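Q: Sequence plus the predicted model coming up.
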Amino acid sequence: MFLAKLRAFWLLLRAFVRNKYLYLVVAGGSVIGGIVICAAYATVLDYTSSLHFCADSCHEMHSTVYAEYTHSKHFKNAHGVVVVCADCHVPHHNWPATFATKFMATFELWNHVVDREYELKNFNPRRLILAKRVWAHFAADNAAECKACHKFANMVLEEQNPAARAMHTEAMKRDANCVECHEGITHNIPEEQTALASTTTSTAQDRLVARGQQVYATSCAACHNNMNPKLGDKAAWASRIKQGDAALVSAAIHGVGPMPARGGNPALSDNDIKAAVAYIESKANESASTATAQDKLAARGQQVYTTSCAACHNNMNPKLGDKAAWASRIKQGDAALVSAAIHGAGPMPARGGNPALSDNDIKAAVAYIESKVK
C-alpha cells in the first residue's frame, strides 16, 4: 500500500516537472519566500533592538540600569544623539554573532517567569556577576561596539579636555579596549560588596578607600598621575585637605579649574566621588607616614654622620649640603651610595673608617646627607 502511494506521488511529481511553467513558479516562490523571511528577520531584529522593547516590553530594568542610562550622556547630550541598548550590547556587522546574541537573550524570558533576575532585591546582589559578564564581552572583541561610533583615527585630541587627551593619547598607542576606563560611562559601577568582603579590609573607611581606588583608576588617574596635584603628593594636597572632605567632594562633583565635573565621567555618583576623595586622602596620609619614617631615618643618620663622617665631609669634597657636588652621585641611586660607603671609594675608607657601623647605620647616614641637598 505504501509503495503504491509513493509511486502515485512520483508520477504526479513527474507530471508537474514536465510543465515548463513549474520552474518559474518554484523560482518565483523561492524568491518571494526569501524576501518574506529576510523581511521578517529584519523586522524582528529591529523591534527587539529598540529602546522601547529593551526598557518596556521585555526587560524589567526601569528601576535599575535603565534609570541610570537615562542620566547618562548616551541618552541626553548637547548634540541630541541617542545611543540605545543594542548599539552597545548587540554586535555590529556580524550577523552570526548578532543572531547568537539574540538567541541567548531569549533565556531572559526564564528570568522573567521564574527567577525575576531584574527585580531590585535579586538584581543588586548579582550585579557584579552580570557586569563582569558584559565587561568580558567588550574585552573579547576589543570594544568593537564602542569603536563602531568612537574611532581613534577621527578624534581631534586638541579639542578634548586635558584628562581625555592624556588618556586617549595612551589608548591610541595600543588600540585599547574602551571599557578599561569607561566601565561606568552609562551604568553605575557595581558596589562590589562581595569582592570587598573577600579582602582583608575590615572597617567602613577601608571599604570606602578600596572602592575609591577603583573609581580613581577609571576616572581620575589620567590627570592626577601626571598633573598637579599628583596622587600621594603630601605638600600639594595639604592645603586642599585642610578645607575638609565636604569641600573636596563638592569641587570634584562640580569641577574646579581644569578639572571637569565628576572627573569628566557624569555617570559617577556622589558616593563614587566621596570614595575617590577618601582614596586620594589615604595616599596623601600614606606619603606623610613615609615622610615621617624618612625623617626618623635622617635623624638617626645625623648621629652617625657626626661621629663617623663629619671629619671629612665638613672639610673635603663632596661637602655636606653642596648640591652641585652631590648631584651626580645622588643620581646613581641610594643603593650605589650605600655600597660605596660600605666598601669605600677613593680616599674614603670602608664604613667611614668605623667598622662598628652596621649597614643600617650607613643607610641612615646616606639619608641624612641626601636630606641636606634636597
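A: Sure thing, it's come through.
Q: hey, let's count contacts and neighbours off CA atoms from now on
A: Noted.
Q: Tabulate the CA atom coordinates of stretch 214-234 in PDB.
A: The C-alpha trace of stretch 214-234 is given here as PDB (Å, rounded to 0.1, in the frame of the first residue of the first chain):
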ATOM      1  CA  GLN A 214      38.600  51.600  41.600                       C
ATOM      2  CA  VAL A 215      36.900  55.000  40.900                       C
ATOM      3  CA  TYR A 216      40.200  56.800  40.800                       C
ATOM      4  CA  ALA A 217      41.800  54.300  38.400                       C
ATOM      5  CA  THR A 218      38.900  54.700  35.900                       C
ATOM      6  CA  SER A 219      38.200  58.400  36.200                       C
ATOM      7  CA  CYS A 220      40.900  60.300  37.900                       C
ATOM      8  CA  ALA A 221      44.300  58.700  37.200                       C
ATOM      9  CA  ALA A 222      44.800  60.200  33.800                       C
ATOM     10  CA  CYS A 223      45.200  63.600  35.300                       C
ATOM     11  CA  HIS A 224      46.300  63.100  38.900                       C
ATOM     12  CA  ASN A 225      49.000  60.600  38.000                       C
ATOM     13  CA  ASN A 226      50.600  63.200  35.600                       C
ATOM     14  CA  MET A 227      49.400  66.600  36.700                       C
ATOM     15  CA  ASN A 228      49.400  68.600  39.900                       C
ATOM     16  CA  PRO A 229      48.200  67.900  42.500                       C
ATOM     17  CA  LYS A 230      49.600  64.400  41.900                       C
ATOM     18  CA  LEU A 231      48.400  61.400  43.900                       C
ATOM     19  CA  GLY A 232      50.500  60.900  47.000                       C
ATOM     20  CA  ASP A 233      52.000  64.400  46.900                       C
ATOM     21  CA  LYS A 234      51.500  65.400  50.600                       C
END
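Q: Identify each buried residue in that stretch, please.
A: Within stretch 214-234, the residues scored as buried using 16 or more other C-alpha atoms under 10 Å are 214-216, 218-224, 229-234.
Q: what does stretch 207-216 give?
A: Using 16+ other C-alpha under 10 Å as the test for burial, stretch 207-216 gives Arg207, Leu208, Val209, Ala210, Arg211, Gly212, Gln213, Gln214, Val215, Tyr216.
Q: Which phi and psi values does Gly184 adopt?
A: Main-chain torsions, Gly184, degrees, to the nearest 10: phi -100, psi 30.
Q: Contacts only, for the closest residue to it other than its chain neighbours.
A: Nearest non-adjacent residue to Gly184, counting by C-alpha to C-alpha, 6 or more residues apart in numbering: Ala267, 5.8 Å away. Shown in contact with Ala267 (C-alpha atoms under 8 Å, 6 or more residues apart in numbering): Glu68, His71, Ser72, Gly184, Ile185, Thr186, His187, Asn188.
Q: Now, of those residues, which are buried?
A: Buried among the contacts of Ala267 by 16+ other C-alpha under 10 Å: Glu68, Ser72, Gly184, Ile185, Thr186, His187, Asn188.
Q: Minimum pLDDT in the residues you listed, which residue is that?
A: Least confident of the buried ones among the contacts of Ala267 in the model: Gly184, at 74.
Q: distance of that one from Val26?
A: 54 Å (C-alpha to C-alpha, to the nearest Å).
Q: So which of the buried ones among the contacts of Ala267 is the closest to Ala238?
A: Nearest to Ala238, judged by C-alpha to C-alpha, of those is Gly184 at 29.6 Å.
Q: Touching, that closest one and Gly264? I think so.
A: No: Gly184 is beyond contact range of Gly264, at 11.4 Å (criterion: C-alpha atoms under 8 Å).
Q: and Asn271, how many neighbours does it have?
A: Residues within reach of Asn271, counting by other C-alpha atoms under 10 Å, total 14.
Q: Run through the residues that contact the nearest residue to Gly353 once chain neighbours are set aside.
A: Excluding the flanking residues, the one nearest Gly353 by C-alpha to C-alpha, 6+ apart is Ser308, at 7.4 Å. Counting by C-alpha under 8 Å, 6+ apart, Ser308 touches Gly352, Gly353, Asn354.
Q: And Val84, by the same measure?
A: Residues in contact with Val84 (C-alpha under 8 Å, 6+ apart) are Ser50, Leu51, His74, Phe75.
Q: measure it to Asp141 for me?
A: Taken as C-alpha to C-alpha, the span from Val84 to Asp141 is 19 Å.
Q: What is the burial count for Ala143?
A: Ala143 has 21 nearby residues by other C-alpha under 10 Å.
Q: separation between the nearest residue to it once chain neighbours are set aside and Ser72?
A: Spatially, and ignoring its direct neighbours in sequence, Ala143 is nearest to Asn177 (5.3 Å; C-alpha to C-alpha, 6+ apart). From Asn177 across to Ser72, the span is 20 Å (C-alpha to C-alpha).
Q: now swap in Leu337 and tell me
A: 55 Å.
Q: And for Ala284?
A: Separation of Ala284 from Ser72 (C-alpha to C-alpha): 32 Å.
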